[in-house]
Each structure stands twice: as C-alpha cells, then as structure tokens.
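Peer 1: Predicted model and sequence follow; I will ask about them next.
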2 protein chains.
Amino acid sequence: MREVAVLGVGQTRFGELWNRSFREIGIESGLQALVDAKLASADLGGLFLGNMASGSLIAQEHIAPLILDYAGLAGRHLPAVRVEGGGASGGLALHQGYLAVASGLYDYVVVGGAEKLTDVPDTVGAEIANATADHEWEVVFGATLPALWALVARRHMYLYGTTREDLARVAVHAHEMGSKNPNAHYRNKLTLEQVVGAGPVAEPLGVFDCAPLSDGAAAVVLGPLETARRHTDTPIRIAASQVACDTMALQHRADPTTVGSTVAAARNAFRQARRAPADVRVAEVHDGYTIAALVSLEDLGFVEKGRAGTEFASGRFAVGGSTAVNTSGGLKAQGRPFGAVGVAQVVEVVRQLRGEATGRQVADATLGLTHDLGGTGATSVVHLLERTN
Amino acid sequence: MREVAVLGVGQTRFGELWNRSFREIGIESGLQALVDAKLASADLGGLFLGNMASGSLIAQEHIAPLILDYAGLAGRHLPAVRVEGGGASGGLALHQGYLAVASGLYDYVVVGGAEKLTDVPDTVGAEIANATADHEWEVVFGATLPALWALVARRHMYLYGTTREDLARVAVHAHEMGSKNPNAHYRNKLTLEQVVGAGPVAEPLGVFDCAPLSDGAAAVVLGPLETARRHTDTPIRIAASQVACDTMALQHRADPTTVGSTVAAARNAFRQARRAPADVRVAEVHDGYTIAALVSLEDLGFVEKGRAGTEFASGRFAVGGSTAVNTSGGLKAQGRPFGAVGVAQVVEVVRQLRGEATGRQVADATLGLTHDLGGTGATSVVHLLERTN
C-alpha cells in the first residue's frame, strides 16, 4: 500500500458566518490548502467532501461537484465524492481520500469538510443533530443527542465516581485553548463555576457542556509520501486511518460508558502504525459533549476506564501534559460544523506537528491523533499523523 | 494496484414497498449478496453504502452503521461509510468500495445502495430530486429536474433532428425489458402511441418519459481478484472504475446536449481498461429521463453525437443488437430508488456476464458497462466489468 502524506491545510473561521454561503466557505478552505501544499490545480486529482446534512440545511444534495464547480474546476471534470456519517463525516472523508491515494488510482486529492448550520433555526439544527441517533429506537421516543449523552454521563458518575466538576473541566480547558485559536467560534474563557452554574440542557449536562452549532469549513491536501518533499518541508505521514462502527442506539450497548467503535478504531490504528497511546503527544478528541471527551480519552487507550476525569484534573491533557488534548479548542470552543470537524482536527494536529500552532504549541510533537465521532458513537474515525523529519 | 472482482450480488424488488422499512430492504439485499459470494460474515471487512437523501426522507442520517447494526454485525465494529452524489450515489459507493479493496487495506466489502422514496408525498420526493440540481442557480427560479432535462431534449431535437418518437422508444424498450425482470417496479409493456400520447410533465417529456420514484436496495460483494475463485466460478473483474464531474447548473455548460462528466468518466474508464466502446456487449445507462439515455449513449462513445435516436430505432441497443442497453428495464421500468440505482446496474451486468439473466440474456457477453448519473450530470460514474473465464 502506498504511503500517504498531508501536504497542505486550510480552514475558515468557525462560528455564525451569516454573511457567507456554504459554497464560499468550502472553497476558501480548499484553496488555502492548495496554496499551502504548493499544488497547482492542474495537478489536483479529486475531491472528497465530508458533510452531514446539506440536504436538510440548504436544500442542496450533490454538493461535492458543487464545490469543484464554484472553485472554477468544473471544466477539468475531476472526481468529487461526498461522504456522510453524522458528526464523523469529515473523518470519513479523510479515510476515503487516504484510500484513494493509497490505492494508486489518485495522486493528489483535496479532502474537505464543510457545514452551514446557522442559517436554519436552532430547533431545526438540533433536530438534524438528532438524526445521527437512531430515529426509530431513540428519537421518536423523545431522546435528543444531549439527552443520550446525559445518560452516559450519569452512568459514568455512578460507576466511576466522576463528578460534575470533572465534566466541567473539559469545557474550561476547551475555552482556554479556544482563546488562543483565531479560528475558534468561542474565544472567551470560562470558569469552573460558570460551567457548573449554567442552565441545564439535559442534566447533568448544562449549556456549557454542549458544543455549539457552527458554520465552517476545513480542508487538507493529500498526496504520496514519496513525492511530498516537492510540496512541503514538513510532510506529515498518515500512519494510520481506521473507521469502526457500533450500534446506532445507546440502549443496545452492553455498557453505555464504552463506545465500541472508538475502542476498535483506536486499537486498529495503533496496530496499523505500530505505535501505542503513550507515543501520542497531541490529540484532537471528540468533545461534542464534555462527557464524550472523557469517555473517548478512555476508549482511545490514554487512560483506564473511569479515570479520565481524575487525569484531566491532574493537567495530564493540558499543553504541558504528557498528551495535549484539543489544543484547537475542540468542538466545544473551536466549534462544531459537523462535516468540517474531522478535517479541522487534522488541520490542528498538522499545525502542531509542523510547529506552527502559535500560542498553543506543544513541544516535541511528532505523533498526533485525531478522533472523530458521530451520534453517540455509531461511527468513530481515528487517524494517526506523524512528522517525518 | 490490486485487482478487484465482484463476488456476489443481491437485490430487492424495486417499487412501492410500503410495508417494508429502509433498514429491512438494505439488509435483505446485503445478505443476498453475502450468500451469493459464499462469504461468511466473519470475513466481511466493511460496508460502503450509496444513499441520496435519508435525512430528508426518513429523518435518519448516519445510515451506514444503522444497516450494519440491523444486520447483526454491530459487535464486530466494522467500518461503514455512506456516500452521496444525488442519483449517482450508488455508483460512487461502488467506486469507494473498489478503492478500499484496491488499496489493500480492505479485503472483502459489501457495497450497497438503498433508498426509501415512497413514504413521503410525491411532491416531497420531487423536491428532493430537485436538490440534485443547483439550488441557488436553478431550483429557486422554478426549474425542476424534468424541466431541465426537457431543455436538453428541446436542444437535442433542434440541433440533431431528434424526434418525439426517438425519445419515446427509450421508454418502450425499458418497459419491454422490465416485463422480463421480476425485480422491476413496472412490468407492463408500453406502446409508442401510449408514450407519445401521455400527459406532459415538461414538454417534450411526458409522464412515460420520466422514471418513477421507487423504494429498493441492491448490494454487491467485492474482493481481491486473486482469491475470487474461492467464492464464485465466474468472478467478474472490475476493469475500470471512474468518477467525473461537471458544472452543477445546466446553463453553465457550453453545450447542454453533452454531459462532460459522462464523456470524461467513459474516456478514463476505457483508458484504464484498455478497451473501446465497441467491445461492450451489455450496458446499463442512465435513463432517468428518456433524453438522458440518448445523450448518455452518445457521451459514452457508443454512437456519434446526435445519432442515438436513429440508432435506437435501428435496434442496435436491443438484446439482439451490438450493445444491449438497460436489459434490467433501466431506471424507467426497473425503477429509480436513487442510491440503489448504480449498484443495481452492476447487479444486472454481473448477471448478464455470468449468463444468469433468464429471459433477457445477451449472448456472448464478456464486457459490460454501467453508467450512473446525478442531477443533470454534475456527477457521472462509469464502471467496466469483465468476465474472466
């Protein structure tokens, strides 16, 4: 299998971009990535686009060719494919781009993620988020995505003694990091008291335990590792790309505090890369809800099950800790434009591995991990990224 | 690049399946394909699923893990990815499955296509179909998908002298073939007079020039060609798999009677397979509208631009002709469950190449083509399939 590298990255600001269209932000991030990769559009071989719900959000399906078209590339008749897996859409698109280059059929591709969530009322956006849970077995009975994650939180508290403050620290950390990221949706800091004291969404989760609905786009250029030096001084090798799934409905899992898809994707990724969690210096982990970050850190193998809250409190996952987590601000503060999230995670880790994460740089980062998750974990995608010099 | 083969096929009946759910039909076709491929589910490596609009149609995104889950496979935590490109979603899913096996990261995968279109009112279904055209530049001004194809038909008539009867013959042929296919949505035959005399949808296209909205699912099992003999006596090699795109809006094309994505995908596919259109004995071609079939036959290289109507009348594309087209009944008669179409095309061609197309078998079929198209051709997918013994 051919080795694949990330050659360039691009990203728009995340937030409420009411004056910008879906196609505009999609193109901006893609062109940034092409420029960053010093890739002429004549050398581009295709586009893989992660997007969750453009049909419901902007009455437009079939959006991969739309982005190529508005980037002025329709005349080249390139391949363009949209991929969807709820909140994991961006990570899945990266997996498809990886396979395309690894197979040898494609040389250089753009992997993009884009979503325009704030042009519909928040209630509509929330309903669309619920469409990533099991409609027939969860949503029709009134379960919402935050309510399902609240059940996970309650169970985690019951089994492992995780506290309200343990949850809240994830949000405090996210906003601390978001304050250092010019692309973040939220750049304000939060105190523990503010998070704990905020109004409830689904107890024990308050409003600051839940990531926002955001607009935004991110893109990366992938190409063969063997020719990567033509494009960048610091090629980032994709050491592993793995997707795994679990039951759609939370109630069908033996243990709701373990996301089997994350466990499997991480295990397979570390096996593919012949590395271990302890080797990872920087990680972007799904924190759509604060409890999701704790569960994910455990399922990825960074800490034993039930210990993530305590370890988070110890500073282990801060910039100075052994594995710096969500230095972008995560979904909580950088923002949650569903299909863009998984790609933006790679943008952040690549910046860290290149040493370009000004103001939030992790020292000696050579191996990074991204973890993209859809719904309550029916899909997880794990990538391992490695600096090659 | 590793050679890839189709090892098994499965398909539900297409039609108004009001008593069957999306998940039910998706699973039925997948299990059929696994049984046909003599593949134990323990050897399955992943699922690639084509679906256009489950979010809008059944309020459920994130459907690839849903299908795995309800097939009883959630515990294996396999990868599952949904792919969308309007009416070309099924063909795109096949392309992704092909890349997965060709890359070497996956061995055996199921590629499925499924859509449940008839549980919403027809007006909603039509709006969803329109979402595959350009929303900002076409749909908001009142253009519908049949209206756009009607423009293509008018222009084709003007430039090349194509007649109303030339269009109608495509539908007559489709229903003739559909009458021989037990899975077809429509099994009644039509006369030329019935098609020409039917009520208009968007002139010159009448109601019998337009494919129906259908429910249905289809699936194939892909694996490495080198081990294909363990699974089937007649492995069908994927000789080419190519995707190409064009502008979203019809008005942005230099010539609306030429679909650039089809031209490019076909050219690249014939180049990849080192074959020519004259080698193709059996082809499933997009006939969502009768004019689309004529345009596609020209753009695929089977006939000179403007000559498809005349050649169709000559019987060249009938079962006894040099290239038998849409022996399944095509979208017009077999049906149009958007995401399933491109996969069902492969099911039909595989059956033809194996000699299993009872009642409609094409003699000496060794090379077949499938052509899946989205919207007015912003996406086209072309596969070449070859019998290896």
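Peer 2: On my side now, so go ahead.
Peer 1: can we go C-alpha only for contacts and neighbour counts from here?
Peer 2: Noted.
Peer 1: and the stretch 151-300 of chain A, which residues reach chain B?
Peer 2: A:242-248, A:260-261, A:264 (CA under 8 Å from any CA of the partner chain).
Peer 1: Cross those residues against strands and list the overlap.
Peer 2: Members of these lying in strands (criterion: DSSP state E): A:242-245.
Peer 1: looking at those residues, which has the most residues close by?
Peer 2: Sorting those by how many neighbours each has (other CA atoms under 10 Å in any protein chain shown) puts residue A:245 first, at 34 neighbours.
Peer 1: What are the neighbouring residues in contact with that one?
Peer 2: Residue A:245 is in contact with A:260-261, A:377-380, B:65, B:74, B:77-80, counting by CA atoms under 8 Å, 6 or more residues apart in numbering or on different chains.
Peer 1: wait, which of the ones in strands among the residues of the stretch 151-300 of chain A next to chain B is closest to residue A:324?
Peer 2: residue A:242 (21.4 Å; CA to CA).
Peer 1: Quick check: the gap between the closest one and residue B:95.
Peer 2: 18 Å (CA to CA, to the nearest Å).
Peer 1: One more: residue A:283?
Peer 2: For residue A:283, the distance to residue B:95 - CA to CA - is 31 Å.
Peer 1: Which one's more surrounded, these two?
Peer 2: A count of neighbours by other CA under 10 Å puts residue A:283 above the other of residue A:283 and residue B:95, at 28 against 23.
Peer 1: what's near enough to touch the more buried one?
Peer 2: A:323-327, A:349, A:368-371.
Peer 1: Quick check: of those, which lies closest to residue B:212?
Peer 2: Among the contacts of residue A:283, residue A:371 lies closest to residue B:212 (CA to CA), at 41.2 Å.
Peer 1: OK, contacts around that closest one?
Peer 2: Contacts for residue A:371 (CA under 8 Å, 6+ apart) come out as A:91, A:262, A:283-286, A:342, A:345, A:380-383.
Peer 1: And the residue of the stretch 51-200 of chain A closest to chain B?
Peer 2: Closest to chain B within the stretch 51-200 of chain A is residue A:103: 3.7 Å, counting by CA to the nearest CA.
Peer 1: I'd assumed residue B:99 was in contact with that residue.
Peer 2: Yes. Contact criterion CA atoms under 8 Å: residue A:103 and residue B:99 qualify, at 6.0 Å.
Peer 1: the more surrounded of the two?
Peer 2: Using other CA under 10 Å, the more surrounded residue of residue A:103 and residue B:99 is residue B:99, with 28 against 24.
Peer 1: Distance from the chain centre to whichever strand or helix holds that one, please.
Peer 2: Secondary structure from DSSP states H and E places residue B:99 in helix B:89-103. Computed by CA atoms, centre = their mean, to the nearest Å, the chain-centroid distance of helix B:89-103 equals 14 Å.
Peer 1: Check stretch A:340-360 too.
Peer 2: Relative to the centre of its chain, stretch A:340-360 is centred 11 Å away, using CA atoms, centre = their mean.
Peer 1: that's a helix at residue A:364, yeah?
Peer 2: No. Using DSSP: H, G, I helix; E, B strand; the rest coil, the secondary structure at residue A:364 is coil, not a helix.
Peer 1: Can you pull up the most central residue in chain A?
Peer 2: residue A:342 (3.0 Å; CA atoms, centre = their mean).
Peer 1: What distance separates the opening and closing residues of stretch A:203-214?
Peer 2: Start and end residues of stretch A:203-214 are separated by 23 Å (CA to CA).
Peer 1: What lies in contact with it?
Peer 2: So stretch A:203-214 is contacted by A:14-16, A:115-118, A:122, A:125, A:146-147, A:150, A:153-154, A:164, A:167-168, A:171, A:185, A:195-201, A:287-291, A:331-333, A:335-338 (CA under 8 Å, 6+ apart).
Peer 1: Just the residues you listed: which are in helices?
Peer 2: The helices, defined by DSSP state H, take in A:122, A:125, A:146-147, A:150, A:153-154, A:164, A:167-168, A:171, A:195-197, A:290-291, A:331-333, A:338 from these.
Peer 1: Give me the buried subset of those residues.
Peer 2: For the ones in helices among the contacts of stretch A:203-214, a burial check counting by 16 or more other CA atoms under 10 Å in any protein chain shown picks out A:125, A:146-147, A:150, A:153-154, A:164, A:167-168, A:171, A:195-196, A:290-291, A:331-333, A:338.
Peer 1: Looking at the contacts of residue A:245, which one is closest to residue B:354?
Peer 2: Distance to residue B:354 across the contacts of residue A:245 (CA to CA) is lowest for residue B:80, with 28.5 Å.
Peer 1: Around the closest one, how many other residues sit close by?
Peer 2: As a burial measure, residue B:80 scores 29 neighbours (other CA under 10 Å).
Peer 1: excluding its backbone neighbours, what's nearest it?
Peer 2: Leaving aside its chain neighbours, residue B:80 sits nearest to residue B:47 (4.5 Å; criterion: CA to CA, 6 or more residues apart in numbering or on different chains).
Peer 1: shouldn't the one you found be in contact with residue B:108?
Peer 2: No. The criterion here is CA under 8 Å, and residue B:47 misses it with residue B:108 at 9.2 Å.
Peer 1: next one: stretch A:191-200 to chain centre, how far?
Peer 2: So, by CA atoms, centre = their mean, the centroid of stretch A:191-200 is 25 Å from its chain's centroid.
Peer 1: What of stretch A:105-112?
Peer 2: Stretch A:105-112 sits 19 Å away from the centroid of its parent chain (CA atoms, centre = their mean).
Peer 1: Average pLDDT for it, rounded please.
Peer 2: Here stretch A:105-112 scores 98 as its mean pLDDT.
Peer 1: sorry, back to before: before we move on, what SS does the residue nearest to the centre of chain A have?
Peer 2: The assignment at residue A:342 comes out as helix when based on three-state DSSP.
Peer 1: Ignoring the adjacent residues along the chain, who's closest to the residue of chain A positioned farthest from its centre?
Peer 2: Largest separation from the mean C-alpha position in chain A: residue A:75, at 31.8 Å (CA atoms, centre = their mean). Sequence neighbours aside, residue B:246 is the residue nearest to residue A:75 in space, at 6.7 Å (criterion: CA to CA, 6+ apart).
Peer 1: Let me see the contact set for that neighbour.
Peer 2: Neighbouring residues of residue B:246 by CA under 8 Å, 6+ apart: A:65, A:69, A:74-75, A:77-78, B:259-261, B:377-379.
Peer 1: try it again with 6 Å
Peer 2: Shown in contact with residue B:246 (CA atoms under 6 Å, 6 or more residues apart in numbering or on different chains): A:74, A:77, B:260-261, B:378.
Peer 1: Residue A:237 now?
Peer 2: Neighbouring residues of residue A:237 by CA under 6 Å, 6+ apart: A:4-5, A:385-386.
Peer 1: quick one on the thing from earlier: quick check: phi and psi at the residue farthest from the centre of chain A.
Peer 2: Main-chain dihedrals, residue A:75, degrees, to the nearest 10: phi -70, psi -20.
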